[in-house]
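1. Just need the structure, nothing else, for what follows:
(one chain, ligands or ions: 1)
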Amino acid sequence: MERLENKIKNATSLEKLEEVRIEIFGKKGILAAEFAKLKTIPNEQKKDFAKQLNEKKAALTKLFEQKKKELEAKALQEQLKSEALDLSLFSYESKTGALHPITQTMNKIIDYFVALNFSIEEGPLVEDDFHNFEALNLPKNHPAREMQATFFFKDGNLLRTHTSPVQIRTMQKDSIPIRMIAPGAVFRRDFDLTHTPMFHQVEGLVVDKKGKVSFANLKFILTDFLRYMFGDVDVRFRPSFFPFTEPSAEVDISCIFCGGKGCRVCSHTGWLEVLGCGEVDPNVFEAVGYEDVSGYAFGLGVERFAMLLHQVPDLRNMFEGDIRLLEQFK
Ligand code: DAH
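-> Numbering: from 1, shown residues only. Just a heads-up that it's a prediction; the model follows:
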């Protein structure tokens, strides 16, 4: 008995244990041979012999099952160990992307106006003549249409030349008070150092009851906005003309490169032109059926801001997707 128990206990693997199982419990195994003796022993001893043998078999079976479980657990451990990933192994350095400088500049602009509770509005890139021109006080054959080198489609629609049509769409769908910005892509037939056929603008519009919105409000908010963007700069408003605003102004900041002394970037004027603005022209309100309101609007080019902020000399580089340039803006 002890000899058989030791055989089981000493099995070192599941394979060895299987051999032992056949040897002890198999059809031609040790136990089978013992049971066979029953035939030959005297009847009066049979009962005791069988009882002892069955107890022996039960004890060995129990021991066998225990050993089997133990060896299975051990085998599983070894398998897990051999299949484990070594996370300390060398791997290639992974490269992370970064937001495009135009996107970064756009986000910075948007953040300012969102904090002042302006809504963000969008409009279609393919516009109709009414929203891009007509409703903005640019009737057919108006010479100011020439300023915006337009891509036309055969059906008379066009790629929007500015984000101002979103003013019109917002006034058509909402009612006063309106405080909105419209960031987005615009298109013009232009291509040189500082112009690409696709670029981005942010349009702004505030409309409320007549007398509630003034040029003074416009001056305050744009001055504050430009100092948020460019730091401690001087800001000046110059009389100008846009068909959709009256009076209109162009806004300059003191040159951020020479501090206003005069350099090549500011063409030795000490000033950099950064946006256009004005009080909304009554003809624009008439086109959308608004009465007894007042408002101001402004529009700016995101690429111009990005070029000034990051001192990019050639705008076309921004759209070539050269990773060496983009990596500098992480
Ligand atoms: N839409 C003008 C442009 O693309 C920019 C602009 C100027 C928008 C003055 C305005 C504004 O709303 O008041 O050149």
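
2. in this structure, which spans are helices?
-> For the chain, the helices defined by DSSP state H cover 2-9, 14-25, 30-36, 43-83, 101-115, 129-132, 165-173, 215-230, 282-287, 302-310, 323-326.

3. I'd like the ones you listed as a markdown table, with mean pLDDT and distance to Asp155 appended.
-> Where you see a C-beta, it was placed from the backbone N, CA and C, and this is true even at glycine. Below are the helices of the chain laid out as a markdown table (pLDDT from 0 to 100; distance: least, Cβ to Cβ, whole Å):
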| stretch | mean pLDDT | distance to Asp155 |
| --- | --- | --- |
| helix 2-9 | 89 | 91 |
| helix 14-25 | 92 | 79 |
| helix 30-36 | 90 | 96 |
| helix 43-83 | 92 | 64 |
| helix 101-115 | 96 | 30 |
| helix 129-132 | 96 | 11 |
| helix 165-173 | 98 | 17 |
| helix 215-230 | 98 | 37 |
| helix 282-287 | 97 | 22 |
| helix 302-310 | 93 | 29 |
| helix 323-326 | 83 | 37 |
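
4. ok, now which ones touch whichever residue of the stretch 1-150 of the chain sits closest to the ligand?
-> At 6.8 Å from the ligand, Gln148 is the closest residue in the stretch 1-150 of the chain, using Cβ to the nearest ligand atom. Taking Cβ atoms under 8 Å, 6 or more residues apart in numbering, we find Gln148 in contact with Thr161, His162, Arg188.

5. what pLDDT does the first one get?
-> With respect to pLDDT, Thr161 has a value of 96.

6. Help me confirm that it comes into contact with Arg145.
-> No - contact criterion Cβ atoms under 8 Å: Thr161 and Arg145 do not qualify, at 9.0 Å.

7. Tell me which of these two has more neighbours.
-> Each of Thr161 and Arg145 has its neighbours counted (other Cβ atoms under 10 Å); Thr161 has more, 21 against 17.

8. so what's the backbone phi/psi at that one?
-> phi -90, psi -10 (degrees, to the nearest 10).

9. Stretch 188-205 near the ligand at all?
-> Yes - part of stretch 188-205 sits near the ligand under the criterion Cβ under 6 Å from any ligand atom, namely Glu203.

10. Show me what counts as buried in that stretch.
-> Neighbour-count burial for stretch 188-205 flags Arg188, His195, Thr196, Phe199, His200, Gln201, Val202, Glu203, Gly204, Leu205 (criterion: 16 or more other Cβ atoms under 10 Å).

11. Residue in the stretch 101-250 of the chain with the shortest distance to the ligand?
-> Nearest residue of the stretch 101-250 of the chain to the ligand: His162, at 3.3 Å (Cβ to the nearest ligand atom).

12. pretty sure that residue is touching Asn132, no?
-> Yes - using Cβ under 8 Å, His162 is in contact with Asn132, at 7.5 Å.

13. Quick one, grab the pLDDT at the residue of the stretch 1-150 of the chain closest to the ligand.
-> Gln148 is given a pLDDT of 77.

14. Ala297 versus that one, what's the distance?
-> To Ala297, Gln148 is 16 Å away according to Cβ to Cβ, to the nearest Å.
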